[in-house]
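K.L.:
sequence first, predicted model second:
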Amino acid sequence: MNFRHKLFIFIILCISLLKVNAQVRWSVAQNCFTDNNGQCVTNTLLTAVPFLRIAPDARSGAMGDVGVATTPDANSIHFNASNLVFSEEATGLSMTYTPWLRNLNLDDIFLLYLSGYYKMGKNQVFGGAIRYFSLGEIDFTDNQGNSLDKGYPREFDITMMYGRKLGDNLSASLSAKYIYSTLTGGRNILVGGVEINNARSFAADLGLTYRKKAKLGGYNGDWTLGLAITNVGSKVTYNNNLDYKDFIPTNLGLGTSYKMELDKYNTLMFGFDINKLMVPTPIAQYIDEGDGILVPNPEYSKDGDDIGDYRQKSLFDGILGSFGDAQGGFSEEIKELSYSVGAEYWYDKQFAFRLGYFAEHKEKGNRKYFTVGAGIKYNIFGINLSYLVPTSVIPNPLDNTLRFSLLFDFSVFSSDE
């Protein structure tokens, strides 16, 4: 394991142990967090187990991470499982491999995603998924630098879902998941005299999909609207000495798509998603009122324990309050939205070409990138490829990385009988 790999794991451990709050300030004049030079800086929403929000498949990865209302496949379990009720195939299976941080020449950090579903008639669907995120290998040493053991930090979640039609055009789904994260590879490790624990959580997803036949420009097609609330689950911690636990990435996703049939052989789909993390927005410990003098923020820690109250909120208080707790008011809440847009073209239901774009505000992460990809399907077998092209100075773990998904449609066998 090289130095940069060790540094990566070290940063993860430091974040998990962080208890001292940095002396950040809120500028009343500029309506943003500022540094010592008075420049606006990011105020990103931070959560534990962020791997839950990684788009797991190459198809959506080629369309700017669009997926809440796109035509369904096995990977819809991640975005909006209720979409699967409208699947034209009775069964489906998908496997995806995503390299991680390849720009740093790290070959043992990756994401694996396996998902599948089975339709019971026309109105019900069952499915499940397993997501595994490997953080590679780390060497543990004592205070003198002597090698002790090797560890393999990793995270995974297991999801089971059920979806059902509520009407001709409406469906709903409920998913349950178990989440596990170990930053020490299961070893008992002390950092600064503090034992690092494994994090566990149970969570649920809720999905709704509305689909209706529509006509646009003389072409027949399907218009879809989707809503998904994902990762509603218990807070977690890696350090029992802290007086608070961290939120997992509960997310609200809204999406729409339109798929049009250009002719017998050609179809075109456009999709658009908006996502919002439903977790508390960090607020500043100090306020700069414009005279260069910092004053304590009375809203930061009302109980006087010097820990931000936003960290100590209960699960549902944090979720429900996430739409109006930003220090900058409504204008800052709008900045917390991320946007995805994508398009997909199919020829003869065998060859696909895709492109997309993802963007979030510069004060909320500043991730911006184009995506492209392609797909091919033959009989029961399909493969999707995607490639990410960054357009901002913020590095992305998938910069210039090719990832791929394998899909299997076993309903072909039953249709031939």
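P.N.:
On my side now, so go ahead. It should be emphasised that the depicted structure is a prediction, and the values quoted were computed from it without experimental measurement.

K.L.:
which residues are contacting stretch 280-299?
P.N.:
Identification of contacts with stretch 280-299 by Cβ atoms under 8 Å, 6 or more residues apart in numbering yields 21-29, 33-34, 43, 45-46, 247, 300-301, 308-311, 313, 318, 321-322, 325-327, 332-333, 336. Using the backbone N, CA and C atoms, a C-beta is placed for each residue, glycine as well.

K.L.:
okay, it in CSV with CA atoms only?
P.N.:
The C-alpha trace of stretch 280-299 is given here as CSV (Å, rounded to 0.1, in the frame of the first residue of the first chain):
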residue,chain,number,x,y,z
PRO,A,280,-29.2,19.1,9.4
THR,A,281,-27.2,21.9,7.8
PRO,A,282,-24.0,22.8,9.8
ILE,A,283,-24.2,26.3,11.3
ALA,A,284,-21.3,28.5,12.3
GLN,A,285,-20.0,28.8,15.8
TYR,A,286,-19.2,32.5,15.3
ILE,A,287,-20.8,35.3,13.4
ASP,A,288,-19.0,38.1,11.5
GLU,A,289,-21.3,41.1,11.7
GLY,A,290,-19.2,43.1,9.2
ASP,A,291,-16.9,44.9,11.6
GLY,A,292,-14.2,42.3,11.6
ILE,A,293,-15.1,41.2,15.2
LEU,A,294,-16.4,37.7,15.7
VAL,A,295,-19.3,37.1,18.1
PRO,A,296,-20.5,33.8,19.4
ASN,A,297,-23.6,32.4,17.6
PRO,A,298,-26.3,32.0,20.2
GLU,A,299,-28.0,29.3,18.0
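
K.L.:
which one is residue 259 nearest to, not counting chain neighbours?
P.N.:
With Cβ to Cβ, 6 or more residues apart in numbering as the criterion, residue 259 has its nearest non-adjacent residue at 4.1 Å, and that residue is residue 269.

K.L.:
element containing the nearest residue to residue 94 once chain neighbours are set aside?
P.N.:
With sequence-adjacent residues excluded and distances taken as Cβ to Cβ, 6+ apart, residue 94 is closest to residue 74, at 3.8 Å. Using DSSP states H and E, residue 74 falls within no helix or strand.

K.L.:
one more: residue 356?
P.N.:
Judged by DSSP H and E, residue 356 forms part of strand 351-360.

K.L.:
each with direction, which strands does that strand pair with?
P.N.:
Looking at strand 351-360 with DSSP bridges, its partner strands are strand 337-347 (antiparallel), strand 368-378 (antiparallel).

K.L.:
and these, which is most packed in?
P.N.:
Greatest average neighbour count among the strands paired with strand 351-360 goes to strand 337-347 (a mean of 20), per mean count of other Cβ atoms under 10 Å.

K.L.:
what sits up against that one?
P.N.:
59-60, 62-66, 70-71, 265-276, 352-361, 364-365, 367, 371.

K.L.:
report the buried members of those residues.
P.N.:
Buried subset of the contacts of strand 337-347 (neighbour count, 16 or more other Cβ atoms under 10 Å): 59-60, 62-66, 70-71, 267, 269-273, 275-276, 352, 354-361, 364-365, 367, 371.

K.L.:
buried set for stretch 241-260?
P.N.:
Buried residues in stretch 241-260 (16+ other Cβ under 10 Å): 242, 244-260.

K.L.:
about what we covered before: so how do I select the buried members of the contacts of stretch 280-299 in PyMOL?
P.N.:
Those of the contacts of stretch 280-299 that count as buried under 16+ other Cβ under 10 Å are selected in PyMOL with:
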select buried, resi 24+25+26+27+33+34+43+45+46+247+300+301+308+309+310+311+313+318+321+322+325+326+327+332+333+336
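
K.L.:
among the contacts of stretch 280-299, which lie within strands?
P.N.:
25-27, 33-34 (DSSP state E).

K.L.:
closest one of those residues to residue 196?
P.N.:
The nearest member of these to residue 196, counting by Cβ to Cβ, is residue 33 at 29.0 Å.

K.L.:
any idea what that closest one is bridged to?
P.N.:
Bridge pairing for residue 33 - DSSP bridges - gives residue 26.

K.L.:
where's it relative to residue 282, distance?
P.N.:
Residue 33 is 8 Å from residue 282, where distance means Cβ to Cβ, to the nearest Å.
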